[in-house]
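Peer 1: I'd like to go over a predicted model; first the sequence, then the structure.
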Amino acid sequence: MPPAHEDVALHTFLRGDPATQLAWLTERGLPPATLLALHNACAQRCFFCAGPGTVSVPDRERTPRAAGLAQLAARPEGVTRLMIGGNEPTLHPDFPELLRAVRPAGFATVELMTNGADLAANAAEWAALGVVEVIVPLYGVAPASHDGVAGVPSFDHVVAGLDAAAAAGIRVSVHTLLLRRTLNELAALNDLVRARWRTRLGVALLRDKGSFAFAAEAPPFAAAVAALTAIREAARPLGIGTPPCLPTHPEPPPLVADLYFRSQALAFGPGCDGCTARERCAGVVVAYAGEVVALGGAGRTR
């Protein structure tokens, strides 16, 4: 069973074989794709993620090379899009071999969700092997703010990696979390991403995993709404797994990022009753449901 903070149905997709994944996507009107999720240790220590199963993974629990190759070999007919994710897939010892096996397996394009730390040294090679998009988190506009979230010095490596990816012709997608400690940098981060990589920032709400002080790290929902509203509408970030009452740009985010952040458990509060946007809303992060009520449904469409 997945942890309490994860959505059971989406967890099925994340752990599924390619046929199961295709059926899940098709049922929801999403484009056909296969996800290769690589479980292994991550070198970063992000406060919202670091713990057993992420920063230290016994060899016996790491995704076996054979399992990765089998996932690629089971590509459904007609599916040519591969998404790669996990708790830092590029650090998996078999990642280079698996990436080289992508095109022989019949996949034409690869979308890679990574923390970006090793991107600068490998962007050109990965582009040649089929990586067409990288989905990378950036938590602030300076080393102190980003590294404070990531738990290790990585800002300079990530920025250099994004530059290298763009230079190699890889589409760059950047996302961030709405956090108390960096909310005052949101507009500046949005400007940086738009100016430097000619792309639109994505934003997601923090989810409560029970492993950190959620109330100390998550901004009030009203504050998140205000920070996004302060950005002119045409330039606003994309919402990743966020409800329509959080003012974001309507363009859809990268599919692999949207699936990852929608793996969180979502809920509706009484304040959602009567909202005409509810039929296209999956809900809000459970820990925020009460705050949407406190806002009286602010920002919703009637």
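Peer 2: Cool, the structure landed.
Peer 1: shaky segments in the stretch 151-300 of the chain?
Peer 2: 293-300 (pLDDT under 70).
Peer 1: could you do the stretch 1-150 of the chain as well?
Peer 2: Residues of the stretch 1-150 of the chain meeting the criterion pLDDT under 70: 1-7, 50, 52-53, 55.
Peer 1: can you pull out the helices in it?
Peer 2: 8-14, 18-27, 65-73, 95-100, 119-128, 143-150 (DSSP state H, counting those that start in this stretch).
Peer 1: so the residue nearest the centre of the chain, which state does it fall into?
Peer 2: Computing the C-alpha centroid of the chain and ranking residues by CA atoms, centre = their mean puts A257 first, at 3.4 Å. Here A257 is recorded as helix under DSSP: H, G, I helix; E, B strand; the rest coil.
Peer 1: now N190. Nearest residue, chain neighbours left out?
Peer 2: Sequence neighbours aside, L201 is the residue nearest to N190 in space, at 4.9 Å (criterion: CB to CB, 6 or more residues apart in numbering). In short, each C-beta sits where N, CA and C put it, glycine included.
Peer 1: what sits against the one you found?
Peer 2: Residues near L201 by CB atoms under 8 Å, 6 or more residues apart in numbering: 174-176, 189-190, 193-194, 237-238.
Peer 1: how about a cut-off of 10 Å?
Peer 2: 138, 173-176, 186, 189-194, 231, 235-238, 240, 248-249, 253 (CB atoms under 10 Å, 6 or more residues apart in numbering).
Peer 1: what about it, distance to P237?
Peer 2: In this view, L201 and P237 are 4 Å apart by CB to CB, to the nearest Å.
Peer 1: who's in contact with L179?
Peer 2: Counting by CB under 10 Å, 6+ apart, L179 makes contact with 47-48, 139-140, 145, 148-149, 185-186, 205-206, 217-219, 224.
Peer 1: one more time with 6 Å, if that's ok
Peer 2: Listed by CB atoms under 6 Å, 6 or more residues apart in numbering, the contact partners of L179 are E217.
Peer 1: how near is it to A227?
Peer 2: 11 Å.
Peer 1: same question, F95
Peer 2: Between F95 and A227 the computed distance is 36 Å (CB to CB).
Peer 1: who has more neighbours, these two?
Peer 2: F95 (24 against 19; other CB atoms under 10 Å).
Peer 1: returning to that earlier point: tabulate the helices of the stretch 1-150 of the chain in CSV, adding columns for distance to E88.
Peer 2: What follows is those, written out as CSV (distance: least, CB to CB, whole Å):
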stretch, distance to E88
helix 8-14, 16
helix 18-27, 21
helix 65-73, 15
helix 95-100, 9
helix 119-128, 11
helix 143-150, 11
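Peer 1: out of these, nearest to Q264?
Peer 2: Among the helices of the stretch 1-150 of the chain, the nearest to Q264 by CB to CB is helix 8-14 (8.6 Å).
Peer 1: from the chain's centroid, how far away is the closest one?
Peer 2: Averaging C-alpha positions (CA atoms, centre = their mean, to the nearest Å) puts helix 8-14 15 Å from its chain's average.
Peer 1: equivalent analysis for stretch 267-277, please.
Peer 2: Averaged C-alpha coordinates place stretch 267-277 at 25 Å from its chain's average position (CA atoms, centre = their mean).
Peer 1: for H157, find the nearest of the helices of the stretch 1-150 of the chain.
Peer 2: With CB to CB as the criterion, H157 lies closest to helix 119-128 of the helices of the stretch 1-150 of the chain, at 6.5 Å.
Peer 1: show me where the stretch 201-302 of the chain has strands.
Peer 2: Remark: strands assigned in the stretch 201-302 of the chain by DSSP state E, counting those that start in this stretch are 202-205, 238-239, 266-267, 284-285.
Peer 1: list the helices and strands the first one packs on?
Peer 2: Okay, so that is strand 202-205. strand 171-178 (3 or more CB pairs under 6 Å, 6 or more residues apart in numbering; DSSP states H and E).
Peer 1: doesn't T63 make contact with H39?
Peer 2: Yes: counting by CB atoms under 6 Å, H39 does reach T63; the two are 4.6 Å apart.
Peer 1: ok, the residue nearest to M83 when sequence neighbours are not counted - contacts?
Peer 2: Leaving aside its sequence neighbours, M83 sits nearest to V256 (CB to CB, 6+ apart; 4.0 Å). By CB under 6 Å, 6+ apart, the residues touching V256 are 83, 85, 111, 113, 135.
Peer 1: what's the answer for A164, then?
Peer 2: The neighbours of A164, taking CB under 6 Å, 6+ apart as the test, are 120, 123.
Peer 1: going forward, the N-terminal residue is numbered 55.
Peer 2: Got it, the first residue is 55 from now on, which makes the last one we talked about A218.
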